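Visitor: sequence and predicted model, in that order:
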Amino acid sequence: MLKIFFSEIYHSFIVKKWGWAQQMLFYFLVSGTHSLVTVHQPPVLTTALGHDVIMPCHLNLSHNEKMVTPPVLYWVYITQDGTDNPRLWLPSEKYDGRVELLDNNPNTSSKSILLKNVLWADSGKYQCKVSVITEGDRFRRRGNDTLLMVYDTMILNLTGHNDSLLECKVNVTWDPGFVLSIFHDGCKLQPVDTAPGDADAALPYVTLSETVSLRSKGEYECQLHLNKELVTKSIFNYHAPVAADGADAENAEKNVATTVSEPGVVVFPEPWPLYMALLLVPITILLGLTSALLMLMYKY
């Protein structure tokens with residue numbers, strides 16, 4: 001009986017202990033939701049070289065939180081070694097004159113900025129940080145890093161050494177997720193030559209290229225994807241030469257070549273001036289005789 005009594009006390013203690021743990025966990029979860037302050041920014045952004053790009057950052061507060069003072073915003077560039085991170089906002093010397101805050105109202109939740117005239121050197125990771133003082137506490141929150149990827153103008157044209165090959169080239173920030181593909185009337189073509197791009201420490205970009213054989217007339221489209229998301233594209237409309245006209249032109253060239261190149265044959269132009277001179281001689285004599293006869297008849 002004593003053993004059963006202590007066993008029941010033990011099990012009762014375990015149940016109560018677990019119940020307390022559940023209550024504490026629930027309390028912290030609920031209190032956490034009441035004091036939720038977060039900063040959201042996208043994981044990846046892509047933009048064309050020389051263009052402007054919006055870098056989103058949003059401050060989210062739970063409905064129970066009220067800001068006492070306007071939040072303080074920081075945007076920084078994350079260097080690889082983590083030291084001397086230049087400020088994007090408020091702008092440091094590197095970004096002076098190229099950054100604008102989209103919403104100048106300090107009490108709004110949008111802390112997005114506009115980065116102008118994007119350079120290759122702007123590629124990399126950026127972080128949005130916000131310091132907030134609410135009625136209940138003081139918070140300093142940071143968003144997840146945003147990776148900015150840059151690409152140059154895409155070139156899609158016939159190769160210089162072979163008009164039956166179509167080549168697509170583009171310079172991009174190095175990333176294994178960048179992929180080039182060429183389509184003909186919606187069907188993906190198998191490349192005859194491809195260059196995935198090798199990273200060179202001396203260059204801030206890599207060159208991706210893909211070459212396909214021209215099948216027939218129609219629309220050829222080159223697409224650049226980053227992790228299956230379409231980044232940019234270029235279209236090339238190909239009009240194949242008409243076979244009959246091409247054959248006639250080829251035959252005509254062959255005929256001319258054969259005529260000119262036959263051995264022992266020299267081609268001269270027709271002697272039309274000589275023909276005219278020969279015809280004028282009898283006509284001149286006839287006119288002279290007629291004139292002489294008329295003069296004699298008039299005299300007598």
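Guide: Great, that's in hand.

Visitor: where does the stretch 1-150 of the chain have low pLDDT?
Guide: 1-35, 82-84 (pLDDT under 70).

Visitor: please enumerate the helices of it.
Guide: 2-34 (DSSP state H, counting those that start in this stretch).

Visitor: from E210, how far out is F236?
Guide: 13 Å (C-beta to C-beta, to the nearest Å). C-beta coordinates here come from the backbone N, C-alpha and C atoms, glycine included.

Visitor: more neighbours: which of these two?
Guide: Ranked by neighbour count (other C-beta atoms under 10 Å), F236 and E210 place E210 first, with 22 against 18.

Visitor: from L61, how far off is that one?
Guide: Applying C-beta to C-beta to E210 and L61 gives a distance of 48 Å.

Visitor: L226 too?
Guide: For L226 relative to L61 (C-beta to C-beta), the value is 32 Å.

Visitor: do D103 as well
Guide: 16 Å.

Visitor: give me the more crowded residue out of these two.
Guide: Shown here are D103 and L61; by other C-beta under 10 Å, L61 has more neighbours (18 against 12).

Visitor: measure I283 to L289 for me?
Guide: 11 Å.

Visitor: give the burial count for T134, as a bare number.
Guide: T134, neighbours per other C-beta under 10 Å, totals 18.

Visitor: partners of the closest residue to L88 other than its chain neighbours in the sheet?
Guide: Nearest residue to L88, sequence neighbours excluded (C-beta to C-beta, 6 or more residues apart in numbering): W75, at 3.8 Å. Counting by DSSP bridges, W75 forms beta bridges with W89, C128.

Visitor: do L156 as well
Guide: Applying DSSP bridges, one finds that L156 bridges with C168.

Visitor: before we move on, what about V179?
Guide: So, taking DSSP bridges as the rule, V179 has H225 as bridge partners.

Visitor: what's the domain layout of this structure?
Guide: As given by automatic domain parsing, the domain ranges for the chain are 32-150, 152-238.

Visitor: make a markdown table out of those and add distance to L293.
Guide: Below are the domains of the chain laid out as a markdown table (distance: least, C-beta to C-beta, whole Å):
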| stretch | distance to L293 |
| --- | --- |
| domain 32-150 | 94 |
| domain 152-238 | 75 |
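
Visitor: sec struct for G288, please.
Guide: helix (DSSP: H, G, I helix; E, B strand; the rest coil).

Visitor: tell me the pLDDT at it?
Guide: Note on G288: pLDDT of 73.

Visitor: over to G246?
Guide: 47.

Visitor: ok, now which ones touch the residue at minimal distance from the centre of the chain?
Guide: Most central in the chain under C-alpha atoms, centre = their mean is T232, positioned 3.7 Å from the mean C-alpha point. When contacts are counted by C-beta atoms under 8 Å, 6 or more residues apart in numbering, T232 touches A48, Y151, M154, V170, Q223, L224.

Visitor: show me what the closest residue to the second one other than its chain neighbours is bridged to.
Guide: Meaning Y151. Nearest residue to Y151 in three dimensions, chain neighbours excluded: V172, at 4.5 Å (C-beta to C-beta, 6+ apart). Beta-bridge pairing of V172 under DSSP bridges involves Y151, V206.

Visitor: tell me where the stretch 201-300 of the chain has helices.
Guide: Using DSSP H, counting those that start in this stretch, helices in the stretch 201-300 of the chain cover 243-261, 272-299.

Visitor: would you single out the least confident of the ones you listed?
Guide: helix 243-261 (a mean of 39).

Visitor: shared neighbours of F236 and E210, anything?
Guide: C222.

Visitor: stretch 99-110: which residues count as buried?
Guide: Buried positions in stretch 99-110, judged by neighbour count with 16 or more other C-beta atoms under 10 Å: V99, L101, S109.

Visitor: kindly export it (C-alpha atoms) in CSV.
Guide: What follows is stretch 99-110, C-alpha atoms only, in CSV (Å, rounded to 0.1, in the frame of the first residue of the first chain):
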residue,chain,number,x,y,z
VAL,A,99,20.2,56.5,-52.2
GLU,A,100,16.8,57.8,-51.3
LEU,A,101,14.3,56.9,-48.6
LEU,A,102,11.0,56.1,-50.4
ASP,A,103,8.8,57.2,-47.5
ASN,A,104,10.0,60.2,-45.6
ASN,A,105,7.3,59.9,-42.9
PRO,A,106,9.3,58.6,-39.8
ASN,A,107,6.3,57.0,-38.3
THR,A,108,5.4,54.6,-41.2
SER,A,109,6.4,51.0,-41.2
SER,A,110,8.0,51.2,-44.7
